[in-house]
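S.K.: Predicted model and sequence follow; I will ask about them next.
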Amino acid sequence: MSLSPISLLTPKDLGTKDKIEKVAEQFAAVLVSQAFDEMQKNVLKSSLIPQSQAEKWYKQWLMEIYSQQAVKTSFKPLTNMIASQLANSEYKK
């Protein structure tokens with residue numbers, strides 16, 4: 001399971017609160033996932049036990065799941081701020 005692409009909003013969708021919140025959540029998850037990836041790059045790696053490609057994919061998938069869950073809980077204010085900006089955007093006018 002990976003992050004779904006960010007849904008597209010049409011002008012008529014901007015009046016739909018559920019659609020705006022979904023897109024805001026997806027966008028925030030992408031931002032948080034990128035932050036997690038950057039943090040993971042700073043973890044010291046050892047050559048004692050080499051990492052397989054499957055393990056790299058699994059860690060990437062796990063970070064995506066963590067980011068989706070974090071956006072629903074800890075980063076809810078970020079999601080709300082993005083949704084607010086989308087609801088009041090110039091695109092709506």
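M.R.: Done, it's in. Numbering: from 1, shown residues only.
S.K.: Give me the helices and strands touching the host helix or strand of S33, please.
M.R.: In this structure, S33 sits in helix 17-41 according to DSSP states H and E. Counting by 3 or more CB pairs under 8 Å, 6 or more residues apart in numbering; DSSP states H and E, the packing neighbours recorded for helix 17-41 are helix 53-72, helix 76-87. From N, CA and C alone the C-beta is placed, and that goes for glycine too.
S.K.: Would you mark the buried spots in it?
M.R.: Neighbour-count burial for helix 17-41 flags 19-30, 32-33, 36 (criterion: 16 or more other CB atoms under 10 Å).
S.K.: Just give me the closest of those to Q68.
M.R.: The shortest separation between Q68 and any of the buried residues of helix 17-41 is 5.0 Å, and it belongs to A29 (by CB to CB).
S.K.: Read off the pLDDT value for that closest one.
M.R.: pLDDT recorded at A29 is 91.
S.K.: just the one 3 residues further on next, same as before
M.R.: Looking at V32, its pLDDT is 92.
S.K.: Give me the spatial nearest neighbour of it, chain neighbours excluded.
M.R.: Counting by CB to CB, 6 or more residues apart in numbering, V32 lies nearest to S67, which is 4.1 Å off, once chain neighbours are set aside.
S.K.: Quick one: work out the angle between the helix holding S33 and helix 76-87.
M.R.: Computed by axes from the mean of the first three to the mean of the last three CA atoms, to 10 degrees, the angle separating helix 17-41 from helix 76-87 equals 130 degrees.
S.K.: roughly how far out does helix 17-41 sit from the chain middle?
M.R.: Centre-to-centre, helix 17-41 and its host chain are 2 Å apart (CA atoms, centre = their mean, to the nearest Å).
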